[in-house]
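Visitor: sequence and predicted structure below; questions after.
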Amino acid sequence: MEEIRFNKLYNLDKERLYANFERIQNLHNNLDSTEIITNFLLNQSIGISTSEISDILNYYQKKLSKNKTLLDFAFEWIRAYKIRLEYKKYFNLNSYGAFTVALDDTIFLFFLKYDKYLRPLFEEDMEEYEFATLYQIFFNSKQSNPINLIPLLKKNKDSVPTIIINGERINTKIHTIREGLSGMIKDDFNEGLPTDVKIISYEQEEENDTISEIEFNGTMIERLIKFYCFQKRNIDEKELTLAITQFLSSYFQFGAFYNFNEFKNKLILSFADYIFSGLTDDYKNYSVISLQNELTYVIEEFEKRLKHERLKGKAWIEDLKPILRKFIDKFIDRL
């Protein structure tokens, strides 16, 4: 798709839309503002029923920024509808070998840019699951099906967390968009396949690529411990930090989310094993079991301070780096 088409894709003729809105407003001057916006959206081929649109408007009106109105909200819904039509044209012109490729490609081409239009509409404390729900509403792939707002919100609340660490909100918008739109993009992807081809769903792909199959790689840690044992010189702090970062980064993938209990035991076993493997015979007065027990205590103390069970991989790396570095420093001091 040419760049000029992308530029047009996000532009709205607000003057024309506002003229249409005023016409609807004049026709229904006995209605309140929500009802007028509802009629305006139906006139623009948005939504399938008055009650459906009213429920959505009433819920999200409470979330709007102070300088935004329901008309601003309606304009963004119309912009999303326009993007949906252009996205479909682009999607039909391009063949994707795998659904995950189609998912990532279209998110970065279309929806990530639209996110910059959508978020300023709302107060900063609006939850991520509410944004994911809004994506499902605005880009509803089955226009003939009603949108049941409350069940949709409840479903997304479990899978799309808002993560705040040390008072700072973590940017998880790519995850939010993926959760909000993966169903729509999968439907469109399947629609373009021959009828005798069965495609694995997004959820099945995620299950087949479980984090249980990923292992920590601590070869740099092992080499540093060996260096200390042979040279009897302290390990450089920068090298140690780099080794621990490499160990954690080998497991935690950028943008992916993890539950602490899913990786805790693997981290303890792997970290202790790499340290033990680095010890020469002269220093093996520690058993790997004793190392595991010491590390378990440290990790469990850390676990007690956790405020969030599910975080992005990058967040876990930053949280665990100082703890593991301190563990190795204390361990080497005792050798």
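Guide: Thanks, I have it.

Visitor: verify the stated contact: Phe331 with Gly278.
Guide: No - the pair Phe331 / Gly278 is not scored as a contact, 10.7 Å apart, by C-beta atoms under 8 Å. The way it works is simple: take the backbone N, C-alpha and C, and place the C-beta from them, glycine included.

Visitor: now do the buried residues in the helix or strand where Lys266 lies.
Guide: For Lys266, the host element (DSSP states H and E) is helix 260-278. Neighbour-count burial for helix 260-278, with 16 or more other C-beta atoms under 10 Å as criterion, is recorded at 260, 263, 267-276, 278.

Visitor: out of the residues you listed, give me the two with the largest separation.
Guide: Largest separation among the buried residues of helix 260-278 by C-beta to C-beta: Phe260 and Gly278, giving 26.2 Å.

Visitor: where does the stretch 151-300 of the chain have low pLDDT?
Guide: 192-213, 254-255 (pLDDT under 70).

Visitor: how's this structure carved up into domains?
Guide: Domain assignment for the chain by automatic domain parsing gives 3-208, 211-334.

Visitor: I'd like the average pLDDT over the longest helix anywhere in the chain.
Guide: In the chain, assigned by DSSP state H, the helix with the most residues is helix 70-93. Mean pLDDT, helix 70-93: 89.

Visitor: what does it rub up against?
Guide: If you take C-beta atoms under 8 Å, 6 or more residues apart in numbering as the criterion, helix 70-93 is touched by 1, 5, 9-10, 12, 14, 17-18, 21, 33-34, 37, 40-41, 44-46, 57, 60-61, 64, 102, 106, 109-111, 114, 117-118, 121, 137-139, 188-189, 192.

Visitor: tell me where the stretch 151-300 of the chain has helices.
Guide: Per DSSP state H, counting those that start in this stretch, the stretch 151-300 of the chain carries helices over the ranges 173-191, 202-208, 219-231, 237-249, 260-278, 288-304.

Visitor: which residue lies nearest the spatial centre of this structure?
Guide: The centroid of the chain falls nearest to His175 when counting by C-alpha atoms, centre = their mean (1.5 Å).

Visitor: any idea how far that residue is from Tyr135?
Guide: Using C-beta to C-beta, to the nearest Å, His175 is found at 12 Å from Tyr135.

Visitor: who touches both of the two?
Guide: What both His175 and Tyr135 touch, as defined by C-beta under 8 Å, 6+ apart, is an empty set.

Visitor: sec struct for Ile48, please.
Guide: On the three-state scheme (DSSP: H, G, I helix; E, B strand; the rest coil), Ile48 is labelled coil.

Visitor: so the closest residue to it other than its chain neighbours, which state does it fall into?
Guide: Nearest non-adjacent residue to Ile48, counting by C-beta to C-beta, 6 or more residues apart in numbering: Pro146, 6.3 Å away. Classification of Pro146 using three-state DSSP returns coil.

Visitor: gap between Asn285 and Arg334?
Guide: With C-beta to C-beta as the criterion, Asn285 and Arg334 are 10 Å apart.

Visitor: ditto for Gly180
Guide: For Gly180, the distance to Arg334 - C-beta to C-beta - is 51 Å.

Visitor: what of Glu303?
Guide: Applying C-beta to C-beta to Glu303 and Arg334 gives a distance of 24 Å.

Visitor: higher neighbour count, these two?
Guide: The neighbour count for Glu303 versus Arg334, taken as other C-beta atoms under 10 Å, is higher for Glu303 (12 against 7).

Visitor: most tightly surrounded among the helices of the stretch 151-300 of the chain?
Guide: Stretch with highest mean neighbour count among the helices of the stretch 151-300 of the chain: helix 173-191 (a mean of 20; mean count of other C-beta atoms under 10 Å).

Visitor: mind checking which of the contacts of helix 70-93 land in helices?
Guide: Residues of those located in helices (DSSP H): 5, 9-10, 14, 17-18, 21, 33-34, 37, 40-41, 57, 60-61, 102, 106, 114, 117-118, 137-138, 188-189.

Visitor: follow-up on the earlier one: the helices of the stretch 151-300 of the chain into TSV, with extra columns for distance to Arg84?
Guide: Converted to TSV, the helices of the stretch 151-300 of the chain look like this (distance: least, C-beta to C-beta, whole Å):
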stretch	distance to Arg84
helix 173-191	9
helix 202-208	19
helix 219-231	47
helix 237-249	37
helix 260-278	35
helix 288-304	43
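
Visitor: the closest residue to Tyr228 other than its chain neighbours and Arg334, how far apart?
Guide: Leaving aside its sequence neighbours, Tyr228 sits nearest to Ile235 (C-beta to C-beta, 6+ apart; 5.6 Å). Using C-beta to C-beta, Ile235 is found at 14 Å from Arg334.
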